[in-house]
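Chemist: here is my input; please provide its structure:
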Amino acid sequence: MSHHVFRRAGVLAAVTVATGLLGAGVASAHVTANVYGEQPAKGGYGTIFFRVPNEDAKLGTIKVEIDVKPEYGIGNIRTKPVPGWTAEVSKSTLPQPVTTASGTKITEAVTKVVWTAQAGTKIGATEFQEFQVSGGPLPANVDQLEFPAIQTYEGGKVVEWNQPTPPSGEEPEHPAPTVKLAAAESGGHGAHAQATSASESTEAAAASDNTARWLGGAGLVVGALGLGVGAGAVLRSRRPAAGKTEGSK
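Modeler: Below is the predicted model of the structure:
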């Protein structure tokens, strides 16, 4: 009898834990801002992607809006094409110019990026989509960027992800996507330095590949000459032998 009681208690505990984990997974699924590789640096340029999961079991996501705070003074943002979606970047005239780390005054900055699904496209109930942007210069006077987001579903349902995370770190119900910024890089090259480094690496790899091909071709030529010399030596060694045979007869 006791074995049955313990078995039922174990099953109930497992079900309770599984339910709690599933509930936590659904609750934590929200629009987030993320970075592949190194964190973007203050005052530099960077690439950020927004991961948008679908939280409705019946309705698909058909529109995603990201607000860019005017005080950041980000003068340029480009979007990466996403099949089935159109992107629109909006700029606004700033009430007061923002001075970048390099001393440039920004009078017009990006304030919104919107992705809209084309006919027949949506983020389904069990799917997510990533929307990537690249731009700058990023502000040098903040430790992180906050991007309030609006997620629109089929039928007009709207969910806003715009609540700031308090200093305590406790996540609100609808947190705004955020990205931490690394310390400003010496020289202020930012993403341009990374792009230059990548370009140099590509050129070095191409040069190495060309050298390897040249050496390979030279090796083939030397090998062919070696075969020719070897064949000549064999022929020369055979001629005396043939002469001796004829003389013996």
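
Chemist: which residues does residue 61 bridge with?
Modeler: Taking DSSP bridges as the rule, residue 61 bridges to residue 123, residue 153.

Chemist: so it makes contact with residue 155?
Modeler: No: when contacts are counted by Cβ atoms under 8 Å, residue 61 is not listed as touching residue 155 (11.4 Å). In this view, the C-beta of every residue, glycine as well, is placed from N, C-alpha and C.

Chemist: between these two, who's got more neighbours?
Modeler: Counted by other Cβ atoms under 10 Å, residue 61 and residue 155 do not tie: residue 61 has more neighbours, with 26 against 10.

Chemist: just the strands in the protein please.
Modeler: 32-34, 46-53, 61-67, 76-79, 85-99, 105-117, 128-136, 144-146, 149-153, 158-161, 178-180 (DSSP state E).

Chemist: out of the ones you listed, which comes closest to residue 172?
Modeler: For residue 172, the closest of the strands of the chain is strand 158-161, at 9.5 Å, according to Cβ to Cβ.

Chemist: tell me the strands beside that closest one, with direction?
Modeler: strand 149-153 (antiparallel).

Chemist: buried stuff in the partner strand?
Modeler: Using 16 or more other Cβ atoms under 10 Å as the test for burial, strand 149-153 gives 149, 150, 151, 152, 153.

Chemist: and the first one, what does it touch?
Modeler: If I follow you right, that is residue 149. Residues near residue 149 by Cβ atoms under 8 Å, 6 or more residues apart in numbering: 31, 50, 52, 64, 65, 66, 67, 160, 161, 162, 176, 177.

Chemist: ok, now with 7 Å
Modeler: 31, 50, 64, 65, 66, 161, 176, 177 (Cβ atoms under 7 Å, 6 or more residues apart in numbering).

Chemist: the fifth one bridge partners, please.
Modeler: Right, residue 66. residue 113, residue 149.
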